[in-house]
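1. Have a look; sequence and predicted model below, questions after that.
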Amino acid sequence: MRTRTDGVVDRVAALGTALEEHIRAIVRDELHSGPSEGADEWVDQDSSPLKRKKYLELVRKGELKGKKVGRQVLVRRSELDAYLEAHAPTQKIEAAAGPDDRSQIDEQLAKLGFVG
């Protein structure tokens, strides 16, 4: 004779099987898609293209999302690249004709707003 709990146990077992199949499909899809570009690459304060002090300041301010692991402060490569793209200089300083040509250097700095 079947009891009411037998039906519940059967339904829970069926749910467990369906859930297992669903999880397996998700894992299989993730494995076949491969890692997204830079997804698991981390950069620390010593290997960053930014100076160490600037890097740590940006993490402290929250402009870069960082994670402290021991003595390292890690930021995802994609996060750092996005910051660098957003804060790239808009103009380049053109090379001066010679090392003693201060007027051209001063002119370029004035264009960029560094000197008045």
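-> The structure has been received and is ready for your questions.
2. In contact with His22, which residues?
-> Taking CB atoms under 8 Å, 6 or more residues apart in numbering as the contact definition, His22 lies against nothing. Every C-beta, even on glycine, is put in place using the N, C-alpha and C of the backbone.
3. Sticking with the residue nearest the centre of the chain, tell me its helix or strand.
-> Centroid-nearest residue in the chain: Glu79, 2.7 Å away (criterion: CA atoms, centre = their mean). Using DSSP states H and E, Glu79 falls within helix 77-86.
4. Break this protein into its domains for me.
-> For the chain, automatic domain parsing gives the domain ranges 1-34, 37-89.
5. highest average neighbour count across these?
-> domain 37-89 (a mean of 14; mean count of other CB atoms under 10 Å).
6. quick one: average confidence on that one?
-> In this model, domain 37-89 has a mean pLDDT of 90.
7. Tell me where the chain has helices.
-> 4-33, 52-61, 77-86, 102-111 (DSSP state H).
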